[in-house]
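Novice: What follows is a predicted structure for the sequence shown.
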Amino acid sequence: MTVTLTEKAQSRLQSFLQTSNTNAQTSKGIRVWVNNGGCSGYEYQMEVTSSPQPEDLVIQQGQVVVYVDANSAPLLEGVIIDFVDGVMEGGFKFTNPNASDTCGCGKSFKTGDCSSNGVPCS
């Protein structure tokens with residue numbers, strides 16, 4: 001399983017995790033998954049968590065722990081998460097090699113011949 005955070009995304013997430021970590025004993029990370037929805041078919045989701053799901057895949061990117069939903073993993077294989085800081089658009093940007101099309105906002109995508117259970121398309 002490969003999910004890559006750019007240096008900018010790592011820095012932003014690390015800073016965010018430090019400010020949201022109220023208990024030094026609890027190690028927080030980012031959970032990433034895909035939902036059915038959005039304007040293109042699938043929608044990216046991210047949340048801060050200290051309680052990943054038991055089936056989540058764990059990826060260490062610098063000092064950021066990324067938990068990837070096992071059911072979403074095929075659709076997130078090879079994804080690059082960047083952070084864009086701009087006047088017209090800002091936030092986390094996903095570059096997904098599995099996407100055949102993305103919406104204008106970049107928050108959702110579709111793949112070729114997909115089923116709703118998160119299986120990658122050929």
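Specialist: Yep, it's here. Note that the structure is a prediction, hence the values are computed from the model and not measured.
Novice: Setting the sequence-adjacent residues aside, check what's closest to Gly62.
Specialist: Among residues not flanking Gly62 along the chain, Gln10 sits closest, at 4.5 Å (C-beta to C-beta, 6 or more residues apart in numbering). Yep, even glycine has a C-beta here, placed from its N, CA and C like the rest.
Novice: Run through the residues that contact that neighbour.
Specialist: By C-beta atoms under 8 Å, 6 or more residues apart in numbering, the contact set of Gln10 is Gln61, Gly62, Gln63, Val64.
Novice: farthest pair in the residues you listed?
Specialist: With C-beta to C-beta as the measure, no two of the contacts of Gln10 lie farther apart than Gln61 and Gln63, at 8.2 Å.
Novice: These two: which has the busier surroundings?
Specialist: Using other C-beta atoms under 10 Å, the more surrounded residue of Gln61 and Gln63 is Gln61, with 19 against 11.
Novice: partner residues bridging that one?
Specialist: Gln61 forms beta bridges with Val64, as assigned by DSSP bridges.
Novice: correct me, but it touches Met1?
Specialist: No - look at Gln61 against Met1 with C-beta atoms under 8 Å: they stay out of range, at 12.0 Å.
Novice: can you give me the strands for the chain?
Specialist: Secondary structure of the chain by DSSP state E: the strands cover 3-5, 29-37, 41-49, 57-61, 64-68, 79-85, 90-95, 101-102, 108-110.
Novice: Pull the distance from the second one to the chain's centre.
Specialist: Here the centre of strand 29-37 is set off from its chain's centre by 6 Å, with C-alpha atoms, centre = their mean, to the nearest Å.
Novice: Can you list the neighbours in contact with it?
Specialist: Residues from elsewhere that reach strand 29-37 (C-beta under 8 Å, 6+ apart): 3, 13, 17, 42-50, 52-53, 56, 58, 64-69, 71-72, 75-76, 81, 108, 116, 118.
Novice: Scan the protein for its longest helix.
Specialist: Taking DSSP state H as the criterion, the chain has its longest helix at helix 7-20.
Novice: list the buried ones in it?
Specialist: Using 16 or more other C-beta atoms under 10 Å as the test for burial, helix 7-20 gives Ala9, Gln10, Arg12, Leu13, Gln14, Leu17.
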